[in-house]
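Novice: next come a sequence and a model predicted from it.
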Amino acid sequence: NAGVTQTPKFQVLKTGQSMTLQCAQDMNHEYMSWYRQDPGMGLRLIHYSVGAGITDQGEVPNGYNVSRSTTEDFPLRLLSAAPSQTSVYFCASSPHDVIGGSNYGYTFGSGTRLTVV
Amino acid sequence: AQKVTQAQTEISVVEKEDVTLDCVYETRDTTYYLFWYKQPPSGELVFLIRRNSFDEQNEISGRYSWNFQKSTSSFNFTITASQVVDSAVYFCALSEGEAVNNAGNMLTFGGGTRLMVKP
């Protein structure tokens, strides 16, 4: 099925470990982004990409790294995990053209629940 | 900077009651897009609606309706005759249209409103 695929769904890390959250989309969307969800704070933008080879920081980028070598993939790397990075992570994609029908929207992955102990 | 406020953190209603979820936004752009998402207990985000800033027409979709008022910077969501399946966290979000080509369609989310519908 077309959409955004995130792996893994669950992960437990020890403080200081590194890992990569995977995100792939098959809709040929130009834009991809990573959000983290924390209680009472909604979703906050970590990093985003407007196309292959182009990435930029969002609201809460510290401790995370991204790259976009292909249109399809946008992995999120935790360099040295900290308990403050315990969260639910969502990857999203959207087309470049936002002018469209009233039902335009982003496509979100199903999320990765990360716990850092 | 853009901001979205959902002042109601939690609402509890009895099935068949009507309920309105409030959303107030701030933006300096004249072109922007407002969204509502539903997050059921299973955790995924379900797109409900997008509204363009230049279209203030209210929208109804079954038991759902949305009231967009630019004068008060609000985009409220009403569920008529609520059902237990409506229990979820609802997020309001904003994307600034004039920055879209430079900012990757960044979405700014409100903190969410947890709706509990009791049988």
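Specialist: Received the coordinates, thanks.
Novice: only C-alpha atoms from now on, for both contacts and neighbour counts.
Specialist: OK.
Novice: residue contacts, B:E15?
Specialist: B:A81, B:S82, B:Q83, B:V84, B:V117, B:K118, B:P119 (Cα atoms under 8 Å, 6 or more residues apart in numbering or on different chains).
Novice: what about it? Give its phi and psi, please.
Specialist: phi -50, psi 140 (degrees, to the nearest 10).
Novice: also B:Y32?
Specialist: Torsion angles, degrees, to the nearest 10, at B:Y32: phi -160, psi 170.
Novice: I'd guessed it sits against B:E96; true?
Specialist: Yes - using Cα atoms under 8 Å, B:Y32 is in contact with B:E96, at 4.3 Å.
Novice: more crowded one of those two?
Specialist: With neighbours defined as other Cα atoms under 10 Å in any protein chain shown, B:Y32 and B:E96 compare such that B:E96 has more, 22 against 18.
Novice: residues in contact with the residue in chain A that chain B sits nearest to?
Specialist: Nearest to chain B, among the residues of chain A, is A:G42, at 4.0 Å (Cα to the nearest Cα). A:G42 sits next to B:F91, B:F109, B:G110, B:G111, B:G112 when contact means Cα under 8 Å, 6+ apart.
Novice: for chain A, name the helix or strand with the lowest mean pLDDT.
Specialist: strand A:107-108 (a mean of 90; mean pLDDT, DSSP states H and E).
Novice: need the helices for chain B, in chain order.
Specialist: All helices of chain B, identified by DSSP state H, fall at B:100-103.
Novice: could you find the closest non-adjacent residue to the residue of it found nearest chain A?
Specialist: Closest approach between chain B and chain A, counting by Cα to the nearest Cα: B:G111, at 4.0 Å. The shortest distance from B:G111 to any non-neighbouring residue, by Cα to Cα, 6 or more residues apart in numbering or on different chains, is to A:G42 (4.0 Å).
Novice: for the one you found, what are phi and psi?
Specialist: Torsion angles, degrees, to the nearest 10, at A:G42: phi 70, psi -150.
Novice: do you know how far it is from A:A52?
Specialist: 27 Å (Cα to Cα, to the nearest Å).
Novice: quick one, what contacts the residue nearest to the spatial centre of chain A?
Specialist: In chain A, the residue lying closest to the centroid (Cα atoms, centre = their mean) is A:W34, at 2.5 Å. If you count contacts by Cα under 8 Å, 6+ apart, A:W34 has them with A:L45, A:I46, A:H47, A:Y48, A:L76, A:Y89, A:F90, A:C91, A:A92.
Novice: cool, B:A88 as well?
Specialist: Contacts of B:A88 by Cα under 8 Å, 6+ apart are B:K38, B:Q39, B:P40, B:P41, B:R114, B:L115, B:M116.
Novice: okay, these in JSON lines with pLDDT, distance to B:Q2 and neighbour count next?
Specialist: Output for those, formatted as JSON lines (pLDDT from 0 to 100; distance: Cα to Cα, whole Å; neighbours: other Cα atoms under 10 Å in any protein chain shown):
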{"residue": "B:K38", "pLDDT": "96", "distance to B:Q2": "21", "neighbour count": "22"}
{"residue": "B:Q39", "pLDDT": "96", "distance to B:Q2": "22", "neighbour count": "18"}
{"residue": "B:P40", "pLDDT": "95", "distance to B:Q2": "26", "neighbour count": "17"}
{"residue": "B:P41", "pLDDT": "93", "distance to B:Q2": "28", "neighbour count": "9"}
{"residue": "B:R114", "pLDDT": "97", "distance to B:Q2": "22", "neighbour count": "21"}
{"residue": "B:L115", "pLDDT": "98", "distance to B:Q2": "25", "neighbour count": "21"}
{"residue": "B:M116", "pLDDT": "98", "distance to B:Q2": "29", "neighbour count": "20"}
